[in-house]
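Peer 1: this is the structure alone, sequence omitted:
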């Protein structure tokens with residue numbers, strides 16, 4: 001299966017592990033991630049102002065390019081996924097916004113909102129299937145206690161993201177089980193880490209991150225997994241008592257390709 005792939009800026013710099021393990025594991029699962037040519041930053045944040053068009057144009061261009069590859073665009077970074085999916089939703093449901101965007105792009109690049117945006121985790125759940133993923137595991141996690149950290153961006157706003165129940169999600173826990181791990185359910189798993197206010201109010205960001213990591217640790221976690229580079233940075237920066245890794249790191253370990261990917 002071939003799908004268009006949007007890595008995003010951070011996966012080319014500070015979050016290279018998130019990218020390289022995603023690519024290598026996709027090969028094992030018979031999926032070709034075809035990186036979009038000449039992609040630009042997704043915009044970093046989805047601004048809710050309807051007349052703010054310029055910061056969303058790169059996302060629309062990525063969505064338009066993905067139409068050539070099965071009408072599917074796969075993302076891995078939580079922030080990129082959130083921005084691109086919200087932009088796509090706006091193109092589908094806000095005629096005025098869509099008209100303004102297409103006026104900027106011109107007839108040659110006009111986009112109609114038909115591309116399906118999937119997070120890599122959704123690809124594993126809905127296309128590969130967690131049962132099939134479990135059959136590919138060669139290096140089981142052996143019951144390791146793993147705390148899924150969703151943060152804000154994977155699940156909200158729920159009417160747009162529609163990935164899972166925003167209050168009681170299961171997708172990452174089911175992923176952990178497929179790899180042979182034991183999911184740790186803890187109160188702070190879908191609460192904010194304070195990432196977006198790290199510069200403005202570092203003390204509050206520290207408090208939020210500390211609550212997340214201490215909650216996971218208190219409930220027996222050996223490790224925390226996330227899909228968000230900003231969350232990983234914030235949790236580690238503010239003193240997590242357990243390691244924080246990307247979900248693709250665990251995936252590569254379980255599929256036995258981690259060393260190969262690092263070669």
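Peer 2: Ah, there it is. In this text the structure is predicted, and so the values were computed from the model without any measurement. Residues are numbered from 1 along each chain as shown.
Peer 1: low-confidence stretches in the protein?
Peer 2: Applying pLDDT under 70 to the chain flags residues 263.
Peer 1: those helices in it, which residues are they?
Peer 2: Ranges of helices in the chain, per DSSP state H, are 16-28, 57-66, 78-93, 95-105, 120-122, 130-136, 158-161, 171-178, 202-218, 229-237, 247-254, 258-262.
Peer 1: got the angle between the third one and helix 16-28?
Peer 2: Put plainly, it is helix 78-93. Counting by axes from the mean of the first three to the mean of the last three C-alpha atoms, to 10 degrees, helix 78-93 points 70 degrees away from the direction of helix 16-28.
Peer 1: buried ones in helix 78-93?
Peer 2: 78-91 (16 or more other C-beta atoms under 10 Å). Quick note: C-beta positions are derived from backbone N, CA and C, even for glycine.
Peer 1: who does that helix touch, helix- and strand-wise?
Peer 2: Helix 78-93 is packed against helix 57-66, strand 72-75, helix 95-105, strand 116-119, helix 158-161, helix 229-237, with contacts defined by 3 or more C-beta pairs under 8 Å, 6 or more residues apart in numbering; DSSP states H and E.
Peer 1: those: which one's closest to residue 4?
Peer 2: Across these, residue 4 has its closest neighbour in helix 57-66 (3.7 Å, C-beta to C-beta).
Peer 1: quick one: list the elements packing against the closest one.
Peer 2: Using 3+ C-beta pairs under 8 Å, 6+ apart: helix 57-66 touches strand 2-6, strand 72-75, helix 78-93, helix 95-105.
Peer 1: what's next to that helix, contact-wise?
Peer 2: 4, 6, 36-37, 39-43, 72-73, 83-84, 87-88, 91, 101, 104-105, 109-111, 113, 115, 117 (C-beta atoms under 8 Å, 6 or more residues apart in numbering).
Peer 1: ok so, going back, residue 191: which of the helices of the chain is closest?
Peer 2: It is, among the helices of the chain and with distance given as C-beta to C-beta, helix 202-218, at 6.4 Å.
Peer 1: from the contact counts, what lies against the closest one?
Peer 2: helix 229-237.
Peer 1: give the buried residues for the helix it packs on.
Peer 2: In helix 229-237, counting by 16+ other C-beta under 10 Å, buried: 229-235, 237.
Peer 1: would you quantify the distance from residue 46 to residue 153?
Peer 2: 9 Å (C-beta to C-beta, to the nearest Å).
Peer 1: before we move on, back to that, now the helices and strands packed on helix 78-93 in JSON lines, with distance to residue 222?
Peer 2: Output for the helices and strands packed on helix 78-93, formatted as JSON lines (distance: least, C-beta to C-beta, whole Å):
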{"stretch": "helix 57-66", "distance to residue 222": "36"}
{"stretch": "strand 72-75", "distance to residue 222": "28"}
{"stretch": "helix 95-105", "distance to residue 222": "45"}
{"stretch": "strand 116-119", "distance to residue 222": "24"}
{"stretch": "helix 158-161", "distance to residue 222": "28"}
{"stretch": "helix 229-237", "distance to residue 222": "15"}
